[in-house]
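what follows is a predicted structure for the sequence shown.
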Amino acid sequence: MTWKKALLRGLLGVPIGVTIGYGVTVAMSLWFGDGSFSPVVPALTEAIGSEAAATAVQFLLMCLMGFVFALASCLWEVERWSLLRQTVLHFLALSSTTLLVAGVCRWAEYTPGGLWGYLAIFLALYAVLYVSISLHVRRRVRAANRRLEGAGRDNL
């Protein structure tokens, strides 16, 4: 993959990140709110000074998050790297970005324990998704190999 393609993929992630981020704020407002929309957590509004400025900061950080997540997906396409290297770099890119954004946006309690707890939840979700996707891909590869073996026998 070229740097230009990777950059374009990252840019494509920006609106996706914003859409997901604000989808979460709508869901959280419906679930935990009192009937009003809360675009940011109150702690961020207090830290920044106004809800509008806090919303702008969160918006920019969601843009960053979408960009990094989409750009990090390019790591899986570097064929000369081992799966372990790809996984470690992908995890580091996503977890560091998530932890930074969660800390600044006050999605996690702004204490070392709160941020470590947020990271632990992220790690658990990452592990579940990674194992699930790996098992799915392995099943698809085995099925494709069986089809290829069957097609090879038919040509003999």
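Right, received. Where do you want to start? Numbering: from 1, shown residues only.

need the contact list for the most centrally placed residue in the chain.
Nearest to the geometric centre of the chain sits residue 69, at 5.0 Å (CA atoms, centre = their mean). Shown in contact with residue 69 (CB atoms under 8 Å, 6 or more residues apart in numbering): 13, 17, 94, 97. No exception for glycine: its C-beta is placed from N, CA and C like everyone else's.

can you check residue 102 too?
Contacts of residue 102 (CB under 8 Å, 6+ apart): 108, 115, 118.

need the next SSE after whichever strand or helix holds it, C-terminal direction.
Element membership for residue 102, per DSSP states H and E: helix 83-105. Once helix 83-105 ends, the next helix or strand along the chain (criterion: DSSP H and E) is helix 112-154.

now that following helix: average pLDDT?
Averaging pLDDT along helix 112-154 gives 88.

ok and that helix relative to helix 83-105, angle-wise?
Between the axes of helix 112-154 and helix 83-105, defined by axes from the mean of the first three to the mean of the last three CA atoms, to 10 degrees, the angle is 150 degrees.

okay, now residue 6: neighbour count?
Number of residues near residue 6 (other CB atoms under 10 Å) recorded here: 17.

likewise for the one 3 residues further on?
Counted with other CB under 10 Å, residues neighbouring residue 9 total 17.

same check on the one 4 residues further on?
Using other CB under 10 Å, the number of residues around residue 13 comes to 22.

from memory it sits against residue 64, does it?
No: look at residue 13 against residue 64 with CB atoms under 8 Å: they stay out of range, at 9.7 Å.

determine the three-state secondary structure at residue 52.
Here residue 52 is helix, with the state taken from DSSP: H, G, I helix; E, B strand; the rest coil.

so how far is residue 104 from it?
17 Å (CB to CB, to the nearest Å).

neighbour count winner among those two?
residue 104 (17 against 12).

OK, contacts around that one?
Taking CB under 8 Å, 6+ apart, one finds 44, 57, 61 in contact with residue 104.

let me have these in CSV, extended by pLDDT and secondary structure.
Formatted as CSV, the contacts of residue 104 follow (pLDDT from 0 to 100; DSSP: H, G, I helix; E, B strand; the rest coil):
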residue, pLDDT, secondary structure
44, 94, helix
57, 97, helix
61, 97, helix
